[in-house]
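In: Predicted coordinates and the sequence they were generated for:
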Amino acid sequence: MPRTRKMIYSQNDTLTKWYTHKMTFFLLNTGKSALKYKNIWTEKGSPLCVNTHNQYLALKKRLFEKYNDKVEISYGMRYGEKSIKEGLNILKMSNVNKLLVIPLYPQSAECTVASTLDCISKNLKGWQNIPELRFLSGYCFNEKYIDSIKENIEKFWEKNGKGKKLIISYHSLPVKYVQDGDLYPFFCIESTNILIKKLNLKKEDYMLVFQSRIKGQKWIKPCIEDVLKKLSTEGCDIIDIICPSFSSDCLETLDDIEITYKHVFQSYGNGQLRYINCLNYSELGIDMIMNIIEKNLSGW
């Protein structure tokens with residue numbers, strides 16, 4: 001292994017064009033947005049920032065134990081407490097000559113992964129010595145990723161029992177993006193199909209939905225609100241829900257799912273909506289990211 005191999009992994013929170021729209025919406029509705037963040041805020045700060053930093057610390061420890069100082073790691077967010085520029089600057093000071101970028105978005109989309117690549121490229125322009133670059137465009141078909149989601153679900157069922165329906169929820173996307181050729185829905189559907197086969201579930205045991213829409217344009221379906229209402233009318237009173245498109249719990253999981261949609265489902269009757277946490281910085285989650293890192297460092 002070359003002595004100067006270096007890498008960065010990038011956890012980007014509010015990266016997409018629809019999030020840009022969403023942030024503008026929040027500015028116009030500051031009371032509502034402040035309440036949403038207040039609902040999930042921790043003593044250490046934003047759950048996304050806390051989870052991401054803990055992922056970084058765990059990965060840094062693992063990498064040092066295995067590779068000593070031959071591999072360095074940093075992280076950055078498109079918008080957030082630590083920018084991608086800051087993360088890259090840390091590596092720049094170490095005179096990196098090889099750079100692996102891993103956006104922690106399993107299902108690739110133009111407005112997430114492509115935007116990350118654009119940001120990385122812009123920030124590398126100021127470097128006198130441009131490192132050799134590897135960029136991972138999604139990892140939803142990585143076997144370790146699928147197995148980790150599967151094990152996360154099964155551990156929840158072992159502890160809490162199995163609900164009557166499993167909902168697999170992905171962040172939604174404006175229809176226009178799909179019409180323009182974005183393959184995000186394909187990645188969501190196909191990775192779900194692989195997961196379902198590994199879980200040995202039947203068609204009637206689960207549903208795929210899209211969440212966190214914003215008013216003002218058409219979004220891909222089925223939307224979670226419609227599905228929850230339908231299941232309630234059918235007498236499905238215990239629903240388990242997981243969000244495989246998020247590597248860390250954040251506003252879209254902790255507020256949208258655990259608070260908003262849980263209350264929505266309860267308003268239809270007396271049902272339970274049970275959220276299965278993201279992998280975050282669990283051993284299962286760190287094992288998965290390490291697997292992705294090492295596969296993509298192979299041959300370098």
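Out: Okay, I see it.
In: Can you verify my assumption that residue 156 contacts residue 241?
Out: No - the criterion here is C-beta atoms under 8 Å, and residue 156 misses it with residue 241 at 10.4 Å. Placement of C-beta: from N, CA and C, glycine included.
In: which one of the two has more residues nearby?
Out: residue 241 (25 against 19; other C-beta atoms under 10 Å).
In: So that one versus residue 147, what's the distance?
Out: Distance of residue 241 to residue 147, given as C-beta to C-beta, to the nearest Å: 20 Å.
In: Residue 154 now?
Out: Computed as C-beta to C-beta, the residue 154 to residue 147 distance reads 10 Å.
In: Ok, residue 46 next?
Out: Distance from residue 46 to residue 147, by C-beta to C-beta: 29 Å.
In: Count the neighbours of the residue nearest to residue 76 when sequence neighbours are not counted for me.
Out: Distances taken as C-beta to C-beta, 6 or more residues apart in numbering put residue 87 closest to residue 76, at 3.1 Å, once the chain neighbours are dropped. By other C-beta under 10 Å, 23 other residues sit near residue 87.
In: Neighbour count: residue 154 and residue 147, which is higher?
Out: Taking other C-beta under 10 Å, residue 154 and residue 147 do not tie; residue 147 has more neighbours (17 against 13).
In: Let's verify that one: helix, strand, or coil?
Out: helix (DSSP: H, G, I helix; E, B strand; the rest coil).
In: Next: residue 134.
Out: Under three-state DSSP, residue 134 comes out as strand.
In: Can you classify the spatially closest residue to it that is not a sequence neighbour as helix, strand or coil?
Out: Closest residue to residue 134 apart from its sequence neighbours, by C-beta to C-beta, 6+ apart: residue 100 at 4.7 Å. Following three-state DSSP, the label given to residue 100 is strand.
In: Confirm for me that residue 100 is in contact with residue 295.
Out: No - Residue 100 lies out of contact with residue 295 (C-beta under 8 Å); the separation is 10.4 Å.
In: neighbour count winner among those two?
Out: Remark: of residue 100 and residue 295, residue 100 carries more neighbours, 23 against 13, as counted by other C-beta under 10 Å.
In: That one and residue 275, how far apart?
Out: Taken as C-beta to C-beta, the span from residue 100 to residue 275 is 32 Å.
In: go on, residue 203?
Out: Distance from residue 203 to residue 275, by C-beta to C-beta: 23 Å.
In: Look at the two and report which has more neighbours.
Out: With neighbours defined as other C-beta under 10 Å, residue 203 and residue 275 compare such that residue 275 has more, 21 against 7.
In: Which secondary structure state is assigned to the more buried one?
Out: Relying on three-state DSSP, one would call residue 275 strand.
In: ok, now which ones touch it?
Out: 241, 242, 253, 257, 258, 262 (C-beta atoms under 8 Å, 6 or more residues apart in numbering).
In: can you rerun that using 6 Å?
Out: Residues in contact with residue 275 (C-beta atoms under 6 Å, 6 or more residues apart in numbering) are 241, 257, 258.
In: Show the model's pLDDT score for it.
Out: For residue 275, the model assigns a pLDDT of 99.
In: Residue 168 belongs to a helix, doesn't it?
Out: No - counting by three-state DSSP, residue 168 is not found in a helix; it is strand.
In: I'd guessed it sits against residue 192; true?
Out: Yes - the criterion here is C-beta atoms under 6 Å, and residue 168 meets it with residue 192 at 5.3 Å.
In: shared neighbours, the two?
Out: With C-beta under 6 Å, 6+ apart as the test, residue 168 and residue 192 both reach residue 208.
In: Could you check which of these two has the larger neighbour count?
Out: residue 168 (23 against 20).
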